[in-house]
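[1] Let me see the structure of the following:
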Amino acid sequence: MQYFDPPILDKLVLKKANITMVEMISIEPHESATPLNCLNNVREYVAINGGQIQLGWIFSIIGNLALKLTAHAVVKKDDETLLCVTPNEYRNNRLRFSPDNSIEHLIKNNHLPLKFVPLIENSKLDEYLDIERDIDKLRLDNSGVVSAIEMQYMNSKASVLYHSILELAKEHTHKNDYCFCGSNKKRKKCCR
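    All right, here's what the predicted structure looks like:
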């Protein structure tokens, strides 16, 4: 089980995350842009081509149990259209984006934050998401670097919970839902 780009974002899911607006925007990687470096990619693009930095959130889901909001920077062009200039191996042409200027106050050491929103109430899921939050805090506090020892410790804590999270995902994914595994297939044609 891994985080995946959901084929659809249910209105109830967005409501739990306090997201009111989502736009589909084009991805056109800038020639010198690098993956996982959206803020610097946009700064460079804007310096050359004009426009502004627009901060917001992109979305992924794990097991149909939790929504991960990843802060992301895109270009707001002079005509007000938004454009993603960062290459992304999981999204080829377009991505869902929710503008949010308040992210500017959450940037730490030039790195953008993550948020995790549980979609069900469960103590094991809460524990798992707390580990994800701890990893993100380490990343932000240490200029994007989490040591191998810290990651090993966090991964061992998460692995203890993995079976419980997998069972929850199976329980909360119906046959006509997109599969919890992230295949983008309906569960009835994927994991049983």
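
[2] where along this protein do the strands fall?
    With DSSP state E, the ranges of strands along the chain come out as 3-4, 23-27, 52-62, 66-76, 82-84, 94-99, 114-118.

[3] Show me what the third one is in contact with.
    The contact list for strand 52-62 (C-beta atoms under 8 Å, 6 or more residues apart in numbering) reads 1-6, 9, 13, 19, 22, 39, 42-43, 46, 67-76, 82, 95-101, 103-104, 112, 115, 119, 165, 169. Any C-beta I mention is one placed from the backbone N, CA and C, and that applies to glycine too.

[4] Using PDB, write out every CA atom in it.
    Taking C-alpha atoms only, strand 52-62 is exported to PDB below (Å, rounded to 0.1, in the frame of the first residue of the first chain):
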ATOM      1  CA  GLN A  52       3.900  35.100  -9.800                       C
ATOM      2  CA  ILE A  53       4.400  32.200  -7.300                       C
ATOM      3  CA  GLN A  54       1.100  30.600  -6.400                       C
ATOM      4  CA  LEU A  55       1.200  28.300  -3.400                       C
ATOM      5  CA  GLY A  56      -1.400  25.600  -2.800                       C
ATOM      6  CA  TRP A  57      -2.000  21.900  -2.100                       C
ATOM      7  CA  ILE A  58      -1.900  18.700  -4.300                       C
ATOM      8  CA  PHE A  59      -3.500  15.500  -3.100                       C
ATOM      9  CA  SER A  60      -2.700  11.800  -2.600                       C
ATOM     10  CA  ILE A  61      -4.500   9.100  -0.600                       C
ATOM     11  CA  ILE A  62      -3.300   6.000   1.200                       C
END
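
[5] any idea what sits nearest Leu36, other than its immediate chain neighbours?
    Leaving out its chain neighbours, the residue that sits closest to Leu36 by C-beta to C-beta, 6 or more residues apart in numbering is Thr86, at 7.9 Å.
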